[in-house]
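J.: Okay, here's the prediction I keep looking at, along with the sequence it came from:
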Amino acid sequence: MGRLSGVSGMTDQRRSTHAWLTTPLESGTAAGFGVYLHVPFCHHRCGYCDFATEAVGGLAADEREALMQRYVRALEADLAAQAAVGELPTVTSVFIGGGTPTLLPPDELARLVRAVSRELDVADGVEITVECNPETADEELFGVLAEAGVDRLSMGAQSFDPAVLGVLDRLHRPERTAEAVRLARAAGIPRIGLDLIYGTPGEDDASWRASLAAVLTIGVDHVSAYALGVHANTPLGRAVAAGLVPPPDDDVQRERFDEARELLRGAGFVHYEVANFARSDALRSRHNVLYWRHGDYLGVGVGAHAHRDGRRWWTTRSTSRYLDAAEASVADRDARDDMGRMRTVTEEEQLDVDARALERLMLGLRLVEGLHPFDVPPLAVEALDDAVRLGLITMSCGRLQATESGWYLLDETVRRLAA
Ligand SMILES: C[S@@+](CC[C@H](N)C(=O)[O-])C[C@H]1O[C@@H](n2cnc3c(N)ncnc32)[C@H](O)[C@@H]1O
Ligand code: SF4
């Protein structure tokens, strides 16, 4: 079987020998270096969500505050231990995600931001994003975050239809999102993004269109539009499995996506990743682009994932296990490995060259920019021709890019390419 010239049998050794010729500018360490900090706390767990979260709405105020303070101290200790081993690259993006980071007292959240620049070398103009739920927004919070250097908010609007917000178990009313964006801007946070979910049971064409129109009226810099994902381990997943709630309809999801794409592009947004739109290239999420370019990043906190040079690791999703382990490892250095990771609660895997290349293909095809052929696994010419003929990918100007159909069928596209 013929192989695409130039990528067959490419090894890491050859890549480095001809690095100036073959390494695309954006991949690996050139993609930057990120730090992800996870804050698991939420008021309650939304029925569709399978992120690592800890519902604290039922705790008394003093109990909640003590737990959060303990967690922030654990994150600081964990970050310090991971930063203390060897030289790490300069940090180009920080992402504090959740959970609901903005449930933390503002000063605790600001402490986390400061901990990153205390422990690591941070680039001038570093991007610092905090995830925010609209109902947690207030002037004081945003003022403290702006002062600490947070320059980007990613806010979970999800929908502007009260009925859909109800189905999603959200706590805020639609008008709260607009108010939260206004407060954040007034506090001086320069970049604001809103997340939307489409395909929720009870949503119709008109309510989706109205949500998109509301986003445009509010005027934000970034929009993420996600198809509702049904996860088996969630109340929504169980309701769908029991036949109580219909599963999202693929055709409807596609229509909603097409509508979002058309409206947002018509309003001047750049569609840069399957689910992501930015008002300009400069307003893309640098941190998320780093993930899709298969770059390197630290992960700190419950359920956080990290990646360096093909080695991936992730921490327990249990807040209590994480806290116990972090506190024990402050007392006992042997509880850490040579990369500062807590032995008892961290799992890891080493990707071999082929697995890395395959992952790079899977992630890179999500980006509109696609990827460079030298960054993908050795691909059979027949498989490439086939994928082009089926309208799943295009090859132009030295880039391999998924088409819209290729995005819908991404697993299938990658399976065909790697066959
Ligand atoms: C992990 S949440 C954290 C942000 C914040 N707690 C919130 O919910 O607004 C990040 C984003 O993931 C998206 N998300 C979470 N679960 C999802 C699901 N099952 N399907 C689609 N999108 C989902 C939501 O749009 C959400 O804003
Ligand atoms: S969607 Fe957001 S608020 Fe809801 S449980 Fe998940 S992380 Fe928490």
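T.: That came through, no problem. Ligands and ions are numbered 1, 2, ... in the order given.
J.: What is the burial count for Gly391?
T.: Applying other CB atoms under 10 Å, we find 12 residues neighbouring Gly391. Where you see a C-beta, it was placed from the backbone N, CA and C, and this is true even at glycine.
J.: distance of it from ligand 2?
T.: Taken as CB to the nearest ligand atom, to the nearest Å, the spacing of Gly391 relative to ligand 2 amounts to 34 Å.
J.: for that residue, what are its contacts?
T.: Gly391 makes contact with 403, 405-406 under the criterion CB atoms under 8 Å, 6 or more residues apart in numbering.
J.: which among the residues you listed end up buried?
T.: Taking 16 or more other CB atoms under 10 Å as the criterion, what is buried in the contacts of Gly391 is 403, 406.
J.: Out of the contacts of Gly391, the closest to Ala419 would be?
T.: Sorting the contacts of Gly391 by how near they are to Ala419, with CB to CB, puts Gly406 at the top with 14.9 Å.
J.: secondary structure element for that closest one?
T.: With secondary structure defined by DSSP states H and E, Gly406 is part of helix 404-408.
J.: Give me the contact list for that helix.
T.: Residues outside helix 404-408 that contact it (CB under 8 Å, 6+ apart): 254, 274, 365-366, 387, 390-393, 413.
J.: Repeat the analysis, applying 10 Å as the threshold.
T.: Counting contacts by CB atoms under 10 Å, 6 or more residues apart in numbering, the residues outside helix 404-408 that touch it are 227, 250, 253-254, 257-258, 261, 271, 273-275, 365-366, 368, 370, 387-388, 390-394, 402, 412-414, 416-417.
J.: Please apply the same query to stretch 119-126.
T.: Defining contact as CB under 10 Å, 6+ apart, one finds that stretch 119-126 is touched by 32-35, 76, 79-84, 87-94, 116-117, 128, 149, 151, 286-287, 298, 300.
J.: Pull out the buried members of these.
T.: Among those, those classed as buried by neighbour count (16+ other CB under 10 Å) are 32-35, 76, 79-83, 88-89, 91-94, 116, 128, 151, 286-287, 298, 300.
J.: List, one by one, the residues from this protein near ligand 1.
T.: The chain comes close to ligand 1 at residues 48-49, 51, 98, 100, 131, 133, 156, 158, 195, 197, 226, 228-229, 231, as judged by CB under 6 Å from any ligand atom.
J.: so of those, which ones are in helices?
T.: Using DSSP state H, no member of these sits in helices.
J.: and which of those is nearest to ligand 1?
T.: Gly156 (1.7 Å; CB to the nearest ligand atom).
J.: Check whether that closest one really touches Val130, as I assumed.
T.: No. Using CB atoms under 10 Å, Gly156 is not in contact with Val130; the gap is 11.8 Å.
J.: so what sits against both of the two?
T.: The contact sets of Gly156 and Val130 overlap at Gly98 (CB under 10 Å, 6+ apart).
J.: which one of the two has more residues nearby?
T.: For Gly156 and Val130, the more surrounded residue by other CB under 10 Å is Val130, and the numbers stand at 30 against 22.
J.: who does the closest residue to that one other than its chain neighbours bridge with?
T.: If you skip the residues right next to it in sequence, Val130 has Ile96 as its closest partner in space, 4.8 Å away by CB to CB, 6 or more residues apart in numbering. Beta-bridge partners recorded for Ile96 (DSSP bridges): Leu37, Val130.
J.: how much space between Ile96 and Leu103?
T.: Ile96 sits 12 Å away from Leu103, taking CB to CB, to the nearest Å as the criterion.
J.: Need the residues touching each of those two.
T.: 39, 109, 132.
J.: didn't the second one look like it was pressed against Gly99?
T.: In other words, Leu109. No. With contact defined as CB under 10 Å, Leu109 does not count as touching Gly99 (11.8 Å).
J.: okay, and the common contacts of those two?
T.: For the pair Leu109 and Gly99, residues contacting each of them under the criterion CB under 10 Å, 6+ apart are Val39.
J.: tell me the contacts of the nearest residue to Ser224 once chain neighbours are set aside?
T.: For Ser224, ignoring the flanking residues on the chain, the nearest one in space by CB to CB, 6+ apart is Asp195 at 4.6 Å. Counting by CB under 10 Å, 6+ apart, Asp195 touches 131, 154-158, 222-226, 275-276.
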